[in-house]
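>>> Give me coordinates for this.
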Amino acid sequence: MQSSTWSEWLAAQEARLGAQLRQTRDFVLTNAGIRPGETVLDLGAGRGLLALAAAERVGVDGHVIAVDLDLGCLTALREAALTTTSGPQIRAVQTDATALPLADASVDVVATRSVLESYPIDPPRCTRPIACSEWADESPASRLSTAISPRTII
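Sure, this is the predicted structure:
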């Protein structure tokens with residue numbers, strides 16, 4: 001799917017709501033407890049609001065997998081990543097959240113903003129186990145941090 005319109009809309013939101021979006025981003029990433037060397041999945045990455053900041057937190061030994069359906073958004077994310085020292089840690093992947101091309105238990109942290117309410121899905125296999133009350137597994141080794149809407153953060 002390619003939609004420069006969606007990417008342009010997100011860019012306009014970032015310009016209009018920049019401070020609020022950065023606050024939400026920082027809360028989601030802090031809540032995720034990201035540590036150097038970890039692998040973070042940014043589900044519904046858009047233009048990279050979470051992915052770019054997460055890459056700074058995982059450091060040179062970590063990785064960020066930024067997943068989105070929109071090619072325009074991923075192109076903007078890749079371009080932004082080229083301007084940062086943590087850009088090489090980001091892998092942008094165009095795919096649907098219900099069909100992630102990742103091995104089971106291959107990520108440490110899932111970070112997302114305003115995406116899960118759009119998907120009536122079970123957590124992706126690659127993120128199990130997730131320490132989340134709805135999706136709790138007997139071994140909560142992975143973490144999920146999300147902002148469902150601008151007012152609801154879990």
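
>>> can you map out the strands along this protein?
Per DSSP state E, the chain carries strands over the ranges 39-43, 63-68, 90-94, 109-113, 130-131, 142-149, 152-153.

>>> Could you tell me the least trusted of those?
Looking at the strands of the chain, the lowest mean pLDDT belongs to strand 130-131 (a mean of 36).

>>> Give the residue spans of this protein that score low on pLDDT.
1-4, 114-154 (pLDDT under 70).

>>> try it again with 50
Where the chain drops to pLDDT under 50, the residues are 1-2, 117, 123, 125-141, 148-154.

>>> Which elements pack onto the helix ranked longest in it?
If you go by DSSP state H, the chain has its longest helix at helix 18-32. Under the contact definition 3 or more Cβ pairs under 8 Å, 6 or more residues apart in numbering; DSSP states H and E, helix 18-32 sits against helix 49-58, strand 109-113, strand 142-149, strand 152-153. Where C-beta positions appear, they are placed from N, C-alpha and C, glycine not excepted.

>>> how far does the longest one sit from the chain's center?
So that's helix 49-58. 9 Å (Cα atoms, centre = their mean, to the nearest Å).

>>> And for the second one?
A distance of 5 Å separates the centroid of the chain from that of strand 109-113, by Cα atoms, centre = their mean.

>>> quick one: contacts for the residue most central in space within the chain?
Central residue of the chain (Cα atoms, centre = their mean): residue 42, 1.6 Å from the mean position. Remark: with contacts taken as Cβ atoms under 8 Å, 6 or more residues apart in numbering, residue 42 is in contact with 48, 50-51, 54, 64-67, 111-112.
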